[in-house]
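Trainee: I'll drop the sequence and a predicted model, then ask my questions.
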Amino acid sequence: MSVRNRVLALLGGAAAALFAGCVMPAALAHAGVAGPYQTCDGATCLVMGIDNPDTWTYSGFRPYFTDWKGDQVYNVEVAAANGSLVNAGSYDIKVEDYWSALMSSSTYTYGAYTPAEDGADPGAFAGLTGTTVYSTTFGDFNQVTINDAANGATYWIVTTPNYVNTEVTMDGASQDYIQYAGDAAPTLLWNSLDNSSYVSVPDYLIPADPWAGLDFDPSEYLDGQVAGL
């Protein structure tokens, strides 16, 4: 077979294998993903559990766009004084990771919380069922929105190379502050909250997600055949 025909045959096989129905099990892409993936508030962490390929699907048309959707278990783990980890419980979080050459976005929706039997106090991760997190990136511009079901607050964080602007709304009032690159502290733009200090963003509520911004690579499904052409 000529090199040209071999290339066409491989690409044809790749297209058939990858894009038939535009849905593929995530287990293939997740193979080899290291961990743990976690975000923490002090000694309490939200840790990504084992990915279940039956709950993940892929759709897209690379190199134009990719879209991963899945139900992912995240465990709430507490570090004890002796260094051991105690499982407080787990959330079922709906995840969607979208990527294109121009932008990427991730959406997280906290589902039901299942407490562990005799589990530890989940601390800042208590009462999060219904919480949503949206993250969108255009080049150097990133916007994150956190709707915290635990305290009813909403956080909007805009990050650029020159500044980070944060707006917080809670109980009908709001606060906005901006921190420019190189500044040691933010500047308050307005504040109608009862809290006179800066309200910090609970960025630990953004699940650690190894597939956020992922540019799906067909070679991951073909043992490197396409990558080697």
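Mentor: Nice, thanks for sending it over. Numbers count the residues shown, from 1 in each chain.
Trainee: which non-adjacent residue is nearest Ala173?
Mentor: On the basis of C-beta to C-beta, 6 or more residues apart in numbering, the spatially nearest residue to Ala173 that is not a chain neighbour turns out to be Ser192, at 4.2 Å. Yep, even glycine has a C-beta here, placed from its N, CA and C like the rest.
Trainee: ok, that neighbour - how many residues close by?
Mentor: Applying other C-beta atoms under 10 Å, we find 12 residues neighbouring Ser192.
Trainee: I'd like to know how far it sits from Thr44.
Mentor: 31 Å (C-beta to C-beta, to the nearest Å).
Trainee: Likewise for Tyr64?
Mentor: 40 Å.
Trainee: give me the beta-bridge partners of the residue lying closest to Gly152 once chain neighbours are set aside?
Mentor: Leaving aside its sequence neighbours, Gly152 sits nearest to Met170 (C-beta to C-beta, 6+ apart; 6.4 Å). Beta-bridge partners for Met170, by DSSP bridges, are Ala173.
Trainee: For Met170, report the pLDDT, please.
Mentor: pLDDT recorded at Met170 is 93.
Trainee: cool, and the one 10 residues further on?
Mentor: The pLDDT attached to Tyr180 in the predicted structure is 98.
Trainee: To what extent is it buried, counted in neighbours?
Mentor: 12.
Trainee: go on, Pro122?
Mentor: With other C-beta under 10 Å as criterion, Pro122 counts 23.
Trainee: which sections of this protein are below the confidence cut-off?
Mentor: Where the chain drops to pLDDT under 70, the residues are 1-35, 214-229.
Trainee: If we use 80, what do you get?
Mentor: Scanning the chain for pLDDT under 80 picks out 1-35, 51-53, 62-63, 211, 213-229.
Trainee: Quick check: Asp121 touching Ala80?
Mentor: No: under the criterion of C-beta atoms under 8 Å, Asp121 is not in contact with Ala80, lying 11.8 Å apart.
Trainee: before we move on, back to that, and Tyr64 and Thr44? which has more neighbours close in?
Mentor: A count of neighbours by other C-beta under 10 Å puts Thr44 above the other of Tyr64 and Thr44, at 20 against 10.
Trainee: Roughly how far does the residue nearest to the more buried one when sequence neighbours are not counted sit from Asp194?
Mentor: Among residues not flanking Thr44 along the chain, Gly123 sits closest, at 4.2 Å (C-beta to C-beta, 6+ apart). Going from Gly123 to Asp194 by C-beta to C-beta gives 23 Å.
Trainee: Between these two, point out the one with more neighbours.
Mentor: Applying other C-beta under 10 Å to Gly123 and Asp194 shows that Gly123 carries more neighbours, namely 14 against 8.
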